[in-house]
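K.L.:
The sequence and its predicted three-dimensional model are supplied below.
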Amino acid sequence: MVRFKSRYVLFEIIYPLTEEVDMSGLSSNDIKLLFHKYTPTEVTPKVIMTDLKKIIQLYFGDVGLGHSTSMFQLKYFSNKTSTGIIRCSREDCGYIISGLTLMTKLGAQKNMIVNVIKVSGTMKKIEEFAIKWSKDNLKQIINEKENRLFEQRILSITRKENEK
Amino acid sequence: MSANNFNTSSSYNSSNHKNNPRRKFNENQQKKFQRVRNARTIRTEIIQDIRQTRRQRNNNANVFSEDAGVLKLPEFISSREFEIKQLQNAMHNSKKSSSTRVFQDLPRKLRRRTASHNVKRIPKRLRKRALNEMKKSSQSITTGNTHLLKDKPHYTKKQLYKLKMSVKLLRLATKSKHMRYSINYETKNFKKYQLRRKFRDLKKLVNMHKNLKDGKITSIKNSVFSFKNAEEISTPHANQLAPLPLAKSIKYMKRQKKYAWLPTHVWNSKRSHMIKVWGKNIAYTPTQKCFRLTHRLGNANSCLSDGCLMEDSCYRGKMVVSSNNCTESNLPKLLSQIIKNKNKIVIDGKVLGPVDLYWIEKPSKLLLILHPSIYATVFNYIASKFTEYLCVTDFQYNIGSIDLFGATVLQTLAKVLRREFDIVNIEHRSSSLNDDYQLFMQLASNVRDINALPISKDFNLGFIVKDPRSLKRPQLPKDFNNKVFNFDEVIQLLENRDSNSDVWKNLFTMEGKHHTDILRFPSKSTTKGSESTQSGNTDNSNSAVSIPLIITKTTLGWRVLLPYHWVLPLWNKLNKVPRTYHIGLKQEQQLHYEQNKLYFPHDWPFTPMGYQLNCNEAAAKKEVWERKPFSKKINYQKIDSIHEEELPYCGEIGDWFCCDWKLLQFLHNGINYYLSSNNCSGNNNALTAIDIPIVNAAKTTQFDNQNIRNITCIVDIFELYKETHTAVDVPIELFNVKNGTENNLNLLQKHDIVTKRLPIIPIKFEAIDRGHPLDNARIYAISRSKWEDYWQLIVSKSLKTPSGKTDHESYKEMLSSKYLPKIQDLVGFVTCGTFNLSSGKGTCIGMVVPQELLKYDYSSSHYLIRNTGTNSYRIFKSSPIKI
């Protein structure tokens, strides 16, 4: 049986520093936090879609745009954590990934980088990875004592989900 | 988090989900689409509200952080946490939403065929929903009684009469059984009596006891449910093997004549494939697939797993050896004659098998737990050899046991076991009894990894529990997690304590109290009692029932010892705990393999039992192989390039369905004989195994005076093997210092080639690169020169490309036949091997001839392994196994 295969792309938006900041007094946590910000509410999923399409048209022309938008869909985007999941067709996910990396602005928001984290074949696996990735991120930031409490909390969530 | 803190992303998704306008969907379909769509959306947190609250909370906040949206640590954490939760929810919901029928969500082990239209195939709690769903889709409903509508078979009058009579008879027998009585004569010979006499006697019996007031039980001696005589079984015989227990039910008596049913037989036979071996009917493997499950739950490394495995290990024989003279016990000294190294039985210099030892009373009473295949031999040996000093008692149908593996074993037990307060008097409560139960609960609440506990064999916890049936639902005691736990303290306590001798004595009593307990309180009355009391989990009506129970450690897991008849009630309750699974012999072997432990009898080929099993399995495999059509089976005889250049015949060497120990014995003894007879004739340059010619082209075969072949080359050895090999005696033995030196010093005579046993040692192998070893694979040693020229390069990975990948083409080019092993390098066989999930590569357990006895310079730590029927060799790293 032939079916259309898709790819899911997990990405995050990072905000590099515009001015020079003296990092000497900062801990690794602070530095990490410096690069992560809320995405302003003006950046809606619609804005992301149109901007990405514009970029693809600019760099790959009409053919590239036509190819890449065949199964193009934003599955998830959270302004708070600046992470999102895009669905695209398997053959043309290259356009999407390169389009994402070439983005320099989102609506009025300038000075940002899109970081493509993971490409996967199913929604489930990309969600699983997103969970793992967020957990790893958190583990780095939280110190050990808190980490243990946090682990318990997260574990308890996972367990409940399993029992349902 | 308040409800208005998130929105859904469905609004922008729906535009892409537009249905084809030409196709129309009915209401149900549309509803389903909607449901799926809703389930697939992932909630996101709204950012605005939090900003506002922050503004409200802190008006003087840092301008930079507010406007640019820089995160603060707690917010970062909370937002990530929210995201994780939502992603998890999304995964869960999208899985649920796609199913339209209730049984689609059920776990695999609860799924049944025809569940779509037969409600009885669905668990009770879901039947209402299932019926509703069926009504909705106007589906026909059956209840599985179709066979009643079929035409009844026609019987002849004779058949009809027989059937009627048997029904009548069974009815009477059941009645008498429920009254806890049976016919007065031995049930064993029941069949011989005439039908009318049977009726008469049974009726008489039933009528007699009907007249008794409220069916009071006066005697339980001759109950069918117990054994042919309750007294007889309750007092185990000294120095005599116990007879097979008689069946609980007359109907199934005949099936248990040769092979005893274990207490959980009926339960297991519904859920496992059974195997009749060693006088027992044992669960071989569950009908459900469970290779990965066993690995995940039972592996020692998986201490974070969330379940446990259990096996009814009543099939293991249990005997108690006690000293006749209590004051001056010579028990350890006497038993040391047959038990070596505290873990294996050695009789007349021959290893028989493993043994588990537990002290009941130091130093005069010892419990031996043995594999059923060697049980009778050992029992009879002790009974006959040490009659004057020792008394040995057969407890195999008096004491039962359950083996448990996995991380949550102790927790699972804690859910089921409750101490009986009423029967323990105050004196006891303050003494050791109390301690053991407390200790057990402490361990249960904190210990998940069995390896964390001390290795000492004496570790055991004994206490008295109440009837497990009285618990309505297995659950942890209320104060379970409140205990303060100091691990070091507990460990110290465990190491410096004596085992609870009261419980041990109570369990191994010569009186049959525990057997009759269960007769006095059959299940119905017990459950009734607990249901009548509202608190259920704490109270029961049968406070008099007390079960002595001991928890011990085995090499891989835990073992619970308790009276034979209490195994089933405990087993049933344990199976009510979520995430517990039953396993069989096959899984036990798998667990042993994964932890590189030898499993008896498969990995003990130097014992008579192990060798016999090897031969039997080969015969069975051969039969299967022969039944296959030509196109579907490997033609072992025609596989080329297995020692093709050396031997005059092609194909696999030896018997390809088993580990051909006989061949190994002939080969190595033959080489030894050849070398010893040629080297001693004043030759200065001592010959080695490699120097022996394969074929002597100049000469034809010569025979000596006794018409035995002269050994002049390797082919002669093979011809001798073909002529004389018959699987009678065990051709190998376990290597030790004694037989090692003997082998090196003594010059062999020609008949020694056939008779002298070859010493071998157990080794575990681990693939270095590729390799998937299978059972019966051939093991070759690597000679020093080949090792240095070629194989060392492979091990050191210097042949790899800079990117780290192996260049298999260049391997092949380099690998000419001169680096492959010769026939003389064959040193052993793999007894158990496959891809090991716990180490992520091919591993195997095998037996090889130790380096000390080989007549050539070999690499000590690496071997080549070749599966039967193939001609590719893989390199493996070896390390010894302690036995």
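P.N.:
Now that the structure is in, tell me what you want to look at.
K.L.:
Tell me how far stretch B:347-358 lies from the chain's centre.
P.N.:
21 Å (Cα atoms, centre = their mean, to the nearest Å).
K.L.:
Show residues contacting that stretch.
P.N.:
The contact list for stretch B:347-358, computed with Cβ atoms under 8 Å, 6 or more residues apart in numbering or on different chains, reads B:338-339, B:342-346, B:366-371, B:373-374, B:377-378, B:381, B:457-458, B:460, B:552, B:554, B:600-601, B:604, B:606-610, B:730, B:733-734. Backbone N, C-alpha and C define where each C-beta goes, glycine included.
K.L.:
Pairing-wise in the sheet, spell out the partners of the nearest residue to residue B:244 once chain neighbours are set aside.
P.N.:
In space, and not counting its chain neighbours, residue B:244 is closest to residue B:260: 5.0 Å by Cβ to Cβ, 6 or more residues apart in numbering or on different chains. As for beta bridges, residue B:260 partners with residue B:280 under DSSP bridges.
K.L.:
hang on, the earlier thing: if any of the contacts of stretch B:347-358 are buried, give me the ChimeraX selection for them.
P.N.:
Applying 16 or more other Cβ atoms under 10 Å in any protein chain shown to the contacts of stretch B:347-358, the buried members can be selected in ChimeraX as follows:
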select /B:338,339,344,345,346,366,367,368,369,370,371,373,374,377,378,381,457,458,460,552,554,600,601,604,606,607,608,609,610,730,733,734
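K.L.:
Mind checking which of the contacts of stretch B:347-358 land in helices?
P.N.:
B:373, B:374, B:377, B:378, B:381, B:608, B:609, B:610 (DSSP state H).
K.L.:
which of these lies closest to residue A:107?
P.N.:
Of all these, residue A:107 sits closest to residue B:610, with 75.0 Å by Cβ to Cβ.
K.L.:
list the contacts for that closest one?
P.N.:
The contact partners of residue B:610, by Cβ under 8 Å, 6+ apart, come to B:353, B:600, B:601, B:602, B:603, B:604.
K.L.:
hmm, 6 Å instead?
P.N.:
Applying Cβ atoms under 6 Å, 6 or more residues apart in numbering or on different chains to residue B:610 gives the contacts B:601, B:604.
K.L.:
any idea of the pLDDT on it?
P.N.:
Each residue has a pLDDT score; the one for residue B:610 is 91.
K.L.:
Could you do residue B:409 as well?
P.N.:
For residue B:409, the predicted pLDDT is 90.
K.L.:
Of the contacts of stretch B:347-358, which belong to strands?
P.N.:
When the contacts of stretch B:347-358 are checked against strands (DSSP state E), the matches are B:339, B:344-346, B:366-370, B:460, B:552, B:733-734.
K.L.:
where in chain A is pLDDT low?
P.N.:
Counting by pLDDT under 70, chain A shows low-confidence ranges at A:1, A:143-164.
K.L.:
in it, what residue is nearest chain B?
P.N.:
When scored by Cβ to the nearest Cβ, chain A has residue A:38 as its residue closest to chain B, at 3.7 Å.
K.L.:
Just give me the neighbour total for that residue.
P.N.:
Other residues near residue A:38 number 25, with proximity taken as other Cβ atoms under 10 Å in any protein chain shown.
K.L.:
do residue B:74 as well
P.N.:
8.
K.L.:
With the one 10 residues further on instead?
P.N.:
Applying the criterion other Cβ under 10 Å, we find 22 residues in the vicinity of residue B:84.
K.L.:
now residue A:43
P.N.:
Residue A:43 has 20 neighbours, counted by other Cβ under 10 Å.
K.L.:
likewise residue B:113?
P.N.:
Look at residue B:113: counted by other Cβ under 10 Å, it has 7 neighbours.
K.L.:
Thanks a lot, see you next time.
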